[in-house]
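J.: curious how this folds, go ahead:
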Amino acid sequence: MNCTRLSTTLNDKEFIIETGRMANQADGAVWVQCGDTVVLVTAVAQALDRDVSFLPLTVNYQEMSYAAGQIPGNFFRREIGRPSDRETLVSRVIDRPIRPMFPKKFPMEIQVIATVLSADPDNDPDVLALTGASAALHISRIPFLGPIAGIRVGCINGEFVLNPSFKELGESTLNLIMAATRDAVVMVEAGATFVPESLIVKALEWGQEQIIPLLDLQDEMRETVGKPKIAPKLSIVDPDLTTLVRDLAQDKLEIALQIPEKAARKEAQKTVHQEVVQALVEKGVDIQAVGAQVDETMEVLEKEVMRSRIQREHKRLDGRDLTTVRPIDIQIGLLPRTHGSALFTRGETKALAVATMGSTRDEQRLDTLAGESTKRFMLHYNFPPYSVGEARMLRGPSRREIGHGQLAERALTPVLPQPEDYPFTLRIVSEVMESNGSSSMATVCGASLALMDAGVPVTEAVAGIAMGLIKEGEDYLVLTDILGAEDHLGDMDFKVAGTAGGITAIQMDIKIAGIPTDVLSRALEQARDARMHILKEMNKVLDTPRTELSPYAPQLSVVHINPEKIREVIGPGGKTVKAITAATGASVDIDDSGKISIFAPTKDALDMAVDMVTFYNQVPEIGKDYTGRVKKIIEFGAVVEILPGVEGLVHVSQLDTSRVEQVADAVQLGQELKVKVIEVEPSGRVRLSRKAVIMEERGEVFDMASAARPTGGARRDGGRDRDRGRGDRGRR
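T.: Numbering: from 1, shown residues only. Predicted coordinates:
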């Protein structure tokens, strides 16, 4: 076996890239290892039997349960079905930076598969898979403009940490994944805890330096075992046709692209395209043969016209300057039966966010390589076809929808109350009603408002904005609040979300070779100005969470009981807690510490459930009457259960006002008996009196002090204090 193995050191850990051991029939295959985490990444390209106008690239990341010594928890006990959200998100993290690295219109289908073969608790396989994808492509025959490499950057006590462990991430204020070439950062995905813009810039600069050894390793691997690259076929371009199309379309497109409204602008562009085709037909051009070149020329021309106007006049498609945020409109409490809702509109982008509250039983159960876990906050993003005026089949959530939902979820997580203080499970659904640029950031704003409308005590509001970039020559023009067309035809999509106190989430993709640090810093500061503007508009409508929950939201009460009483609340086989749930409709979540969270559909149901739960936590009070049941008859008295799990002794002298010769003459086993507590000893033993109840019912006075201990002639046990024996135990 001809195996090539190279390594370098990252953060005092050996980072290994190896090829030749496995998957040798793939165009490129590498084994990437750090610690005990191993990822196999393969790359294969095969010819297409059709022409396509897009890059047919597929990236799949898959985590195998055996990698962590686990058996899948599903019915089939194997990794089947749709990928998990985690697998989908990592697939996107790999796809986004490598996609721009292929020649345009490459006429082959490309598939990259990353399989986690072994996983340890300290090294996350996601960044290994990202670097491995680049390495597999770099040594293969597939044309690839890499290499790139991926790393994770954390920040603990103000110090950056390279590829932090899972434990270190728990202490870090930053969780940033970045991909970069030698010259530029090409992708960023980050969650943060209110960090300043300057720290993000420093983290990217620092990360750019740390990534160099991984690029050197890939270049060395390429020199050692790299295959000759396929020369991409260049499409044949007729310069005369290109000139003719430009002459026919230039002036008309200049006018069409000044229409502010998206739908009207698209219709005008469509009309220009039809007129150009018609004019070409009239000139004897065979549209069937050159249609693809006409379409490509029109798209290039649209890009040039849009970008030229922005550079020349600092005017954008909808007439705005570079820094203005589109008009904002906000409506809250729109839906009468939901727990919280908000409709957030920014220009022609509109998101309806709906908040739902549930009990801890509604938490999402996750089966990952790290083991089973739960998730108490979920944000789901839906992008229906009508939001962009299209008609297509409804299917499950796409990778894009899962990714946008995760980005918004990450942005909002830092402001949520801690579970020990607020044990509700929270779910936000964002329904995109209209889309013309950054519906994910509209989702962040709408979700923040929906949580506040629901009465969730978030620490502060969160807003998001999408930034763009136009690079023409040496000019770098940063665009605030980009439109969909500016995203498509521009050079950067940079989403930044956070509070007034700092950044909580970032997602960045760059389509050019790179941008200088000062431009990136300017983009972040410009994003901060926009975020502060949006937060101001949000606060005008709702600046603090509502003080009361929706009447349709679950009502919550947290009670604490003696941990020894948990068994009584649960009951044999869960009988008691099931009865409470059946009677009240409440969900009762019991912690071993004695903390019980009660979620009920109404206030009345909550009060009833609380009473039923706390009933089992009562302690006997001296002087209070209880109705109990006779559990045992003994020689010198009767043992009566007055509370769940609490028993006391009615001494024979306290069974009646008259002398009782035999206990069985006064009471029967199982009989209900009203008694008074006359003494609770420090040991917990309880002494009861039926005599006291009878006397008080007659209007007579009962002397508690003298009754606490039987004396003299009242003793029926031969002078021995037998009521301290086995039968007299206050607690089971």
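J.: same for the helix ranked longest in the chain, what does it pack against?
T.: Among the elements of the chain assigned as helix by DSSP state H, the one spanning the most residues is helix 287-313. In this structure, helix 287-313 makes packing contacts with helix 239-256, helix 262-282, strand 463-472, strand 475-480, helix 484-489, judged by 3 or more Cβ pairs under 8 Å, 6 or more residues apart in numbering; DSSP states H and E. All C-beta spots, glycine's among them, are computed from the backbone N, C-alpha and C.
J.: now it: buried residues?
T.: The neighbour-count check on helix 287-313 (16 or more other Cβ atoms under 10 Å) flags 290, 293-294, 296-298, 301-302, 305-307, 309-310 as buried.
J.: try stretch 544-551
T.: Counting neighbours by 16+ other Cβ under 10 Å, one finds that the buried residues in stretch 544-551 are 545-546, 549-550.
J.: one more: stretch 111-127?
T.: Buried-residue list, stretch 111-127, by 16+ other Cβ under 10 Å: 111-120, 122-127.
J.: can I get it in PDB, CA atoms only?
T.: Listed in PDB are the C-alpha atoms of stretch 111-127, where the atom choice follows Å, rounded to 0.1, in the frame of the first residue of the first chain:
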ATOM      1  CA  GLN A 111     -19.400  15.300  -5.300                       C
ATOM      2  CA  VAL A 112     -17.600  15.800  -2.000                       C
ATOM      3  CA  ILE A 113     -18.300  13.400   0.800                       C
ATOM      4  CA  ALA A 114     -16.900  13.900   4.300                       C
ATOM      5  CA  THR A 115     -17.400  10.900   6.700                       C
ATOM      6  CA  VAL A 116     -16.500  11.000  10.300                       C
ATOM      7  CA  LEU A 117     -14.800   7.700  11.200                       C
ATOM      8  CA  SER A 118     -13.700   8.500  14.700                       C
ATOM      9  CA  ALA A 119     -14.600  11.300  17.100                       C
ATOM     10  CA  ASP A 120     -13.100  12.300  20.400                       C
ATOM     11  CA  PRO A 121     -14.400  14.900  22.900                       C
ATOM     12  CA  ASP A 122     -11.800  17.500  22.200                       C
ATOM     13  CA  ASN A 123     -11.500  17.900  18.400                       C
ATOM     14  CA  ASP A 124     -14.600  18.900  16.400                       C
ATOM     15  CA  PRO A 125     -14.600  17.100  13.100                       C
ATOM     16  CA  ASP A 126     -16.300  20.000  11.200                       C
ATOM     17  CA  VAL A 127     -13.100  22.100  10.600                       C
END
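J.: Thr413 contacts Lys375, correct?
T.: No - with contact defined as Cβ atoms under 8 Å, Thr413 does not reach Lys375; the gap is 10.3 Å.
J.: those two: who's more crowded?
T.: Between Thr413 and Lys375, counting by other Cβ atoms under 10 Å, Thr413 is the more crowded of the two (15 against 12).
J.: can you give me phi and psi for the more buried one?
T.: Thr413 has phi and psi values of phi -50, psi -40 when expressed as degrees, to the nearest 10.
J.: quick one: contacts for it?
T.: With contact taken as Cβ atoms under 8 Å, 6 or more residues apart in numbering, Thr413 is in contact with 191, 377, 504.
J.: distance of the closest residue to Leu334 other than its chain neighbours from Arg546?
T.: With sequence-adjacent residues excluded and distances taken as Cβ to Cβ, 6 or more residues apart in numbering, Leu334 is closest to Ser341, at 4.9 Å. Distance check for Ser341 against Arg546: by Cβ to Cβ, to the nearest Å, it reads 12 Å.
J.: between the two, what contacts are shared?
T.: Common contacts of Ser341 and Arg546, defined by Cβ under 8 Å, 6+ apart, comprise Asp453.
J.: could you point out which element follows whichever strand or helix holds Val650?
T.: Using DSSP states H and E, the secondary-structure element containing Val650 is strand 646-651. Counting by DSSP H and E, the next helix or strand C-terminal to strand 646-651 is helix 663-666.
J.: could you pull up the mean pLDDT of that following helix?
T.: Per-residue confidence for helix 663-666 averages out to 86 on the pLDDT scale.
J.: start the count at 33, not 1, going forward
T.: Will do, 33 is the new start, and the previous item becomes helix 695-698.
J.: distance from it to the middle of the chain?
T.: 66 Å (Cα atoms, centre = their mean, to the nearest Å).
J.: enumerate the positions of stretch 212-227 that are buried.
T.: Within stretch 212-227, the residues scored as buried using 16+ other Cβ under 10 Å are 212-213, 217-227.
J.: repeat that for stretch 700-711.
T.: Buried-residue list, stretch 700-711, by 16+ other Cβ under 10 Å: 705, 707-711.
J.: if we take the residues you listed, which one ends up nearest to Leu638?
T.: Val709 (29.6 Å; Cβ to Cβ).
J.: I'd guessed the closest one sits against Ile654; true?
T.: Yes - look at Val709 against Ile654 with Cβ under 8 Å: they come within range, at 5.3 Å.
J.: and Thr275, what does it touch?
T.: Taking Cβ under 8 Å, 6+ apart as the contact definition, Thr275 lies against nothing.
J.: any idea how far it lies from Val220?
T.: Taking Cβ to Cβ as the measure, Thr275 falls 40 Å from Val220.
J.: now swap in Val76 and tell me
T.: From Val76 over to Val220 (counting by Cβ to Cβ), the distance is 28 Å.
J.: pull the CA atoms of the strand holding Val682 into PDB?
T.: What follows is the C-alpha trace of strand 678-683 in PDB, where atoms were taken according to Å, rounded to 0.1, in the frame of the first residue of the first chain:
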ATOM      1  CA  VAL A 678     -46.800  10.800  57.500                       C
ATOM      2  CA  GLU A 679     -48.100   8.600  60.300                       C
ATOM      3  CA  GLY A 680     -48.800   9.300  63.900                       C
ATOM      4  CA  LEU A 681     -49.800   7.400  67.000                       C
ATOM      5  CA  VAL A 682     -53.200   7.800  68.700                       C
ATOM      6  CA  HIS A 683     -52.400   6.400  72.200                       C
END
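J.: who does it touch, helix- and strand-wise?
T.: In terms of contacts (3+ Cβ pairs under 8 Å, 6+ apart), strand 678-683 is packed against strand 669-675, strand 704-712, strand 718-721.
J.: what helices or strands is the last one leaning on?
T.: Packing partners of strand 718-721 (3+ Cβ pairs under 8 Å, 6+ apart): strand 669-675, strand 678-683, strand 704-712.
J.: please repeat the previous calculation with a cut-off of 10 Å.
T.: For strand 718-721, the contact count by 3 or more Cβ pairs under 10 Å, 6 or more residues apart in numbering; DSSP states H and E identifies strand 657-666, strand 669-675, strand 678-683, strand 704-712, helix 736-739 as packing neighbours.
J.: that strand pairs with which strands, and in what direction?
T.: Based on DSSP bridges, the strands next to strand 718-721 in the sheet, each with its direction, are strand 678-683 (parallel), strand 704-712 (antiparallel).
J.: chain center to the shortest one, what's the gap?
T.: Pointing back at strand 678-683 there. Relative to its parent chain, strand 678-683 has a centroid offset of 54 Å by Cα atoms, centre = their mean.
J.: circling back to that earlier point, now for Val709 and Ile654: what residues contact both?
T.: Residues touching both Val709 and Ile654 (Cβ atoms under 10 Å, 6 or more residues apart in numbering): 718-719, 736.
J.: lowest pLDDT pick from those residues?
T.: On pLDDT alone, Met736 ranks lowest of the shared contacts of Val709 and Ile654, at 80.
J.: and the residue nearest the centre of the chain, how far from Thr536?
T.: Note on the chain: the residue nearest the mean C-alpha position is Glu441, at 4.5 Å, using Cα atoms, centre = their mean. Applying Cβ to Cβ, one obtains 11 Å for the distance of Glu441 from Thr536.
J.: next: Ala670.
T.: Following Cβ to Cβ, the distance that separates Ala670 from Thr536 is 65 Å.
J.: neighbour-wise, which of those two wins?
T.: Counting neighbours by other Cβ under 10 Å for Ala670 and for Thr536 shows that Ala670 has the greater number, 29 against 24.
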